[in-house]
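J.: Predicted model and sequence follow; I will ask about them next.
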Amino acid sequence: MSHALVELREKLTAMRLYVLVTGDVAKRLPLEAAKLVIAGGADVVQLREKTMADGEFLVLARQFRELTAKTGTLFIVNDRAEMARLADADGVHLGQDDLPVAEARKILGRGTLIGVSTHAIDQARRAVADGADYIGVGPVYPTKTKGYEQGVGLQYVRQVASELDVPFVAIGAITLERLPEVMAAGAKAVAVSSAIIAARDPKAMARAFKQKLSSAVVGSRL
């Protein structure tokens, strides 16, 4: 395993706050939103712009890469493995209907992180078996962002925390108020979008999340 990959995985294991950045949700330019959440303590930023044209997306992704390289923040591209490769991102995040992990690995090589969204324990087991470096677990609570009007609940977080030896982020309508019970279920890292980037002060909100994540008692191992 290369030194670079070891370093990426160490950052992944240490992550607490993972922020998904989408311009329409943030109501501001994606790069500006990224700067604010990184200043607030985000460990990982994911660029999630599903409808943006490839050329425009690549320019933006390279700007994200330049920013995160300076701050030491992990940079993940949503869905687009080829764009992740061209922008020299740290990784790509795949949904259940996106490329299989093995195909994404062919594009990205062994030195790049691959994350997979999972909504049930069988999907989580399969993602780990396929070689995912980390998984998303959720949506914990109902969310319209991803079209899940019913969340998978805290029990799924508990299952993953107790059964699988893989870094994971709990995701799905997680707010500051809900954060303690998510942590108590076994998650030490959460992925957040609108609760942070749509806030009046994304930097302050990111900082508030990070402080709680750093002080909360985790109910189980990661």
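T.: Done, it's in. Numbers count the residues shown, from 1 in each chain.
J.: what sits up against the helix or strand where Leu213 lies?
T.: Secondary-structure element containing Leu213, defined by DSSP states H and E: helix 202-215. With Cβ atoms under 8 Å, 6 or more residues apart in numbering as the test, helix 202-215 has contacts from 16-17, 19, 26, 33, 36-37, 39-42, 176, 179-180, 183, 188-190, 192, 195-196, 199. C-betas here are computed from N, CA, C, even on glycine.
J.: mind checking the backbone torsions on Val192?
T.: Main-chain torsions, Val192, degrees, to the nearest 10: phi -130, psi 140.
J.: OK, contacts around it?
T.: 17-20, 171, 174, 209.
J.: repeat for Tyr18
T.: 42-46, 169, 189-192.
J.: same thing but 10 Å
T.: Residues near Tyr18 by Cβ atoms under 10 Å, 6 or more residues apart in numbering: 12, 42-46, 74, 76, 93, 115, 134, 136, 169-171, 189-193.
J.: Now render the contacts of Val192 as a markdown table, adding secondary structure, pLDDT and distance to Ala120.
T.: A markdown table is the format used below for these (DSSP: H, G, I helix; E, B strand; the rest coil; pLDDT from 0 to 100; distance: Cβ to Cβ, whole Å):
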| residue | secondary structure | pLDDT | distance to Ala120 |
| --- | --- | --- | --- |
| Leu17 | strand | 99 | 25 |
| Tyr18 | strand | 99 | 20 |
| Val19 | strand | 99 | 25 |
| Leu20 | strand | 99 | 21 |
| Ile171 | strand | 98 | 14 |
| Ile174 | coil | 98 | 18 |
| Phe209 | helix | 99 | 26 |
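J.: export those residues to JSON lines and tack on distance to Gln63?
T.: Shown next, in JSON lines, are the contacts of Val192 (distance: Cβ to Cβ, whole Å):
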{"residue": "Leu17", "distance to Gln63": "21"}
{"residue": "Tyr18", "distance to Gln63": "19"}
{"residue": "Val19", "distance to Gln63": "16"}
{"residue": "Leu20", "distance to Gln63": "17"}
{"residue": "Ile171", "distance to Gln63": "25"}
{"residue": "Ile174", "distance to Gln63": "27"}
{"residue": "Phe209", "distance to Gln63": "24"}
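J.: what comes up buried for stretch 38-50?
T.: Buried residues in stretch 38-50, counting neighbours by 16 or more other Cβ atoms under 10 Å, are found at 38, 40-49.
J.: mean confidence for it?
T.: For stretch 38-50, mean pLDDT is 98.
J.: For it, what is the distance to the chain centroid?
T.: From the chain centre to the centre of stretch 38-50 is a distance of 8 Å (Cα atoms, centre = their mean, to the nearest Å).
J.: Can you give me the end-to-end span of that stretch?
T.: 22 Å (Cα to Cα, to the nearest Å).
J.: can you give me the helices for the chain?
T.: 3-14, 23-26, 30-39, 54-71, 81-86, 101-108, 121-130, 154-163, 179-184, 194-197, 202-215 (DSSP state H).
J.: so of the ones you listed, which one's packed in deepest?
T.: When the helices of the chain are scored by mean count of other Cβ atoms under 10 Å, the highest mean neighbour count falls to helix 194-197 (a mean of 23).
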